[in-house]
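Chemist: Turn this into a structure:
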Amino acid sequence: MKNKNKKIEVQGSEITIVSTNQQDYISLTDMVKDIDNGLVLIEKWLRNKNTIEFLGIWEEIYNPNFNSPEFEGIRNQAGLNRFALSVKQWVNKTNSVGIIAKAGRYGGTYAHKDIAFEFASWISPKFKIFLIKEFQRLKDEEQKQLGWDIKRNLTKINYRIHTDAIKQNLIPENLSAKQISFVYANEADVLNMALFGKTAKQWRSENPNEKGNIRDFSNVSQLVCLANLENLNAVFINEGYTQALRLEKLNQIAIQQMKILLRDNSLNLKENND
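Modeler: Residues are numbered from 1 along each chain as shown. Coordinates of the predicted model:
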């Protein structure tokens, strides 16, 4: 599965987070890179008996392929002066999934967030608090973006319903491709006028330096309203309403819905008299 790397900043240190199998792994290497002999701390932490017991419990809960007999041997040796254990040895001997060693550009030692927080606590309780805070901020931003993507995809799905209604009811046979394109664009602007009070061309003229279109710069409330308007316009088309009547009705509905969605009235929608 393709990994997606993200970054957070904790007390001046940039820390990489890798998503693997829908789980977040935080770079332990990044967490100690600004500390003198920081990399030594990872293996020192791994040799600690309490650490070994914590890792074993975590793996037994979340990893059905964990090599428990091999783990028992490691746990029995932990704490002895001669005991030494690297990340690669731990992974190879126990079939661990909680800690992974990566090579390449984003190489280093990564640990599942549960384990990474434990390591952070071992480094510094203060560092752990800031790490959790920044990690949660990242998750909150991802949830907001997910909500936006859902609304945008909903608009795209409804757009297909809308264009199908246009094709079946408004496009006569034997029109040229250029003529068909004009009808689609014209109908899209019915929705633009109803919600934004301007056509796509007017918006581009007002925003010559922006990339994208008027809908790309819509907020979530506008996208929700737009999705509703697309469905309603498809119904109105099927019922044989004229374009002028549809525009009037859709504009009234847009004003009503946006007043509900935007309680602070931050978007000033005016009725169209065209």
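
Chemist: Going by C-alpha atoms from here, please, whenever you check contacts or count neighbours.
Modeler: Fine.

Chemist: where exactly do the helices run in the chain?
Modeler: 28-32, 38-46, 49-62, 68-77, 87-94, 113-123, 125-169, 177-196, 200-206, 220-238, 243-261 (DSSP state H).

Chemist: How is the chain divided into domains?
Modeler: 4-123, 142-261 (automatic domain parsing).

Chemist: burial measure for Arg82, as a count.
Modeler: 7 (other Cα atoms under 10 Å).

Chemist: Contact partners for the nearest residue in space to Leu250 that is not next to it in sequence?
Modeler: Sequence neighbours aside, Ala194 is the residue nearest to Leu250 in space, at 5.7 Å (criterion: Cα to Cα, 6 or more residues apart in numbering). Applying Cα atoms under 8 Å, 6 or more residues apart in numbering, we find Ala194 in contact with Leu247, Glu248, Leu250, Asn251, Gln252, Ala254, Asn272.

Chemist: The same query, at a cut-off of 7 Å, please.
Modeler: With contacts defined as Cα atoms under 7 Å, 6 or more residues apart in numbering, Ala194 is in contact with Leu247, Leu250, Asn251, Ala254.

Chemist: what about Trp90, distance to Gly108?
Modeler: 15 Å (Cα to Cα, to the nearest Å).

Chemist: Can you pick out the residue with more neighbours from those two?
Modeler: Trp90 (18 against 15).

Chemist: Which residue lies nearest to that one in three dimensions, sequence-adjacent residues excluded?
Modeler: Closest to Trp90 by Cα to Cα, 6+ apart is Ser96, at 7.0 Å.

Chemist: pretty sure that neighbour is in contact with Ser68, am I right?
Modeler: No: using Cα atoms under 7 Å, Ser96 is not in contact with Ser68; the gap is 10.1 Å.
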